[in-house]
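K.L.:
Below: sequence and its predicted model.
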Amino acid sequence: MIRTAAVVGTGLIGTSAGLALSRRGVHVHLLDTDESAARVAAARGAGSVGPPDGPVDLAVLAVPPGAVARVLAEQQRRGLARAYTDVASVKAPTALAVAHGTPQPRSFVGGHPMAGSERSGPLAARADLFEDRPWILTPGPETCPGALNRVLAAVSLCGAVPVVMDPHAHDRAVALVSHAPHLVASLMAARLADASGEAIRLAGRGIRDVIRVAGGDPGLWTDIVRANAPAIVEILEALAKDLEALTRALHALEVSPGAEGAEDALASLGELLARGRDGWAAVHRPDGAGTVGAVTLTVPLAGRPGEVDRLLHAAEESGIGAQDIRLSWSGASTELSASLAASRITAESVRRRLADDGWRVSVTAAP
């Protein structure tokens, strides 16, 4: 049970954690070297500024990866909390530093909520930021059960789904799904920095989606990339080989578009695009390799004008794209229904969102 907590670092994640815990009745204390940030977080309802009079149940260290072990040691010496966790997106170096450089490694559980935004700071925080999102935990062999239980309770209060991982496996996974993509987005965004006004005026949703995360804090991302450099390098080296193959194919099409080698170049280009489509499907479709499980939500439709568009809008607001929706007719009754594909992690929040809009929803989970 968590009744009191402290959040050290009142940026996007720290303030969001404070908002989520405060909403569930936890008394949260906000600490930050930037007092103005802490006061903004407090004004938003994330807690009260200043240290507690005695140890709180849990301290959440919302600081960059390179600062976690140092801040943990400082706060443990001050007796801030009975248990500690962090939210940094790199775990293996932190686990090593905590094990060898902090007074009480048993009271610490590494953590990483898989939620965020390209925006930063307490003004970007949301109480529902973690709802139905994975929250990775990396307890070590020395972690005491009491500390793990307190962190699990906090994750539950924030509405997240706890997932226990090995620190090295976590770092390899986030290098693939977060860190390397951020660098690729930044490289593409950098190509636009000196683009003509005419070109920028043509920018639509596609390029905005590609570069969205490039708007993140460069200082924070420098720290993240430095901490997880070995795992990121492996992905970027493989990506560099793909780019080299793509460049060769495009040069071949440019130099001899009608020659015999053009067919091989087109085949290489088509293979790359097909692999990209497979990766897209792994992330977007519940039956893909990158998902937790498959859930189908079925919504009956009356066939009134505008009803399908209204459902599409509600589904999109819930994070379900048109590619994951199928419409079907019942031959016997000529009734129209929609089937929405969702992951096990997100299905319940989608169901609640649709139900709040007045839709009748039935849920079927894959075996």
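P.N.:
Arrived safely.
K.L.:
ok, residue 48 touching residue 42?
P.N.:
Yes: Residue 48 is within contact range of residue 42, at 6.0 Å (criterion: C-beta atoms under 8 Å). Where you see a C-beta, it was placed from the backbone N, CA and C, and this is true even at glycine.
K.L.:
Tell me the confidence at residue 246?
P.N.:
Turning to residue 246, the model gives it a pLDDT of 91.
K.L.:
So which residues of the stretch 101-250 of the chain form strands?
P.N.:
For the stretch 101-250 of the chain, strands defined by DSSP state E, counting those that start in this stretch occupy the ranges 108-113, 134-138, 161-164.
K.L.:
could you dump those to CSV with mean pLDDT?
P.N.:
Listed next are the strands of the stretch 101-250 of the chain as CSV, based on pLDDT from 0 to 100:
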stretch, mean pLDDT
strand 108-113, 96
strand 134-138, 94
strand 161-164, 92
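K.L.:
most neighbours per residue, which of those strands?
P.N.:
strand 108-113 (a mean of 26; mean count of other C-beta atoms under 10 Å).
K.L.:
Run the angle between it and strand 134-138 for me.
P.N.:
Counting by axes from the mean of the first three to the mean of the last three C-alpha atoms, to 10 degrees, strand 108-113 points 160 degrees away from the direction of strand 134-138.
K.L.:
Partner strands of strand 108-113, with direction?
P.N.:
Strand partners for strand 108-113, identified by DSSP bridges, are recorded as strand 84-86 (parallel), strand 134-138 (antiparallel).
K.L.:
now the strands of the stretch 101-250 of the chain as JSON lines including distance to residue 205?
P.N.:
As requested, the strands of the stretch 101-250 of the chain are exported to JSON lines (distance: least, C-beta to C-beta, whole Å):
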{"stretch": "strand 108-113", "distance to residue 205": "27"}
{"stretch": "strand 134-138", "distance to residue 205": "27"}
{"stretch": "strand 161-164", "distance to residue 205": "29"}
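K.L.:
of the ones you listed, which approaches residue 62 most closely?
P.N.:
Ranking these by proximity to residue 62 (C-beta to C-beta) places strand 108-113 first, at 9.9 Å.
K.L.:
Contacts for the closest one next, please.
P.N.:
Counting by C-beta atoms under 8 Å, 6 or more residues apart in numbering, the neighbours of strand 108-113 from elsewhere in the structure are 13, 17, 72, 83-89, 91, 94-95, 98, 102, 129-130, 133-140, 143, 147-148, 151, 155, 158, 160, 167, 170, 174.
K.L.:
If we use 7 Å, what do you get?
P.N.:
Surrounding strand 108-113, the residues in contact under the criterion C-beta atoms under 7 Å, 6 or more residues apart in numbering are 13, 72, 84-89, 91, 94-95, 98, 102, 130, 133, 135-139, 143, 147-148, 151, 160, 167, 170.
K.L.:
Mind listing what's buried along the strand or helix carrying residue 315?
P.N.:
Following DSSP states H and E, one finds residue 315 within helix 307-317. In terms of neighbour count (16 or more other C-beta atoms under 10 Å), helix 307-317 has its buried residues at 311, 314-315.
K.L.:
now do stretch 37-55
P.N.:
Taking 16+ other C-beta under 10 Å as the basis for neighbour counts, the residues of stretch 37-55 that come out buried are 37-38, 40-42, 44, 46-47, 49, 52.
K.L.:
Narrow those to those in strands?
P.N.:
Secondary structure assignment (DSSP state E) places residue 49 from the buried residues of stretch 37-55 within strands.
K.L.:
Identify, from the buried residues of stretch 37-55, the entry nearest to residue 323.
P.N.:
Relative to residue 323, and with distances defined as C-beta to C-beta, the nearest of these is residue 44, at 35.7 Å.
K.L.:
thinking again about what came up before, go through the strands of the stretch 101-250 of the chain and name the closest to residue 185.
P.N.:
When the strands of the stretch 101-250 of the chain are compared (using C-beta to C-beta), the closest one is strand 108-113, at 19.8 Å.
K.L.:
by how many degrees do the lowest-mean-pLDDT helix or strand in the chain and helix 307-317 diverge?
P.N.:
Of all regular secondary-structure elements in the chain, judged by mean pLDDT, DSSP states H and E, the least confident is strand 325-329 with a mean of 79. Angular relation of strand 325-329 and helix 307-317 on a 0 to 180 degree scale: 150 degrees, by the same axes, to 10 degrees.
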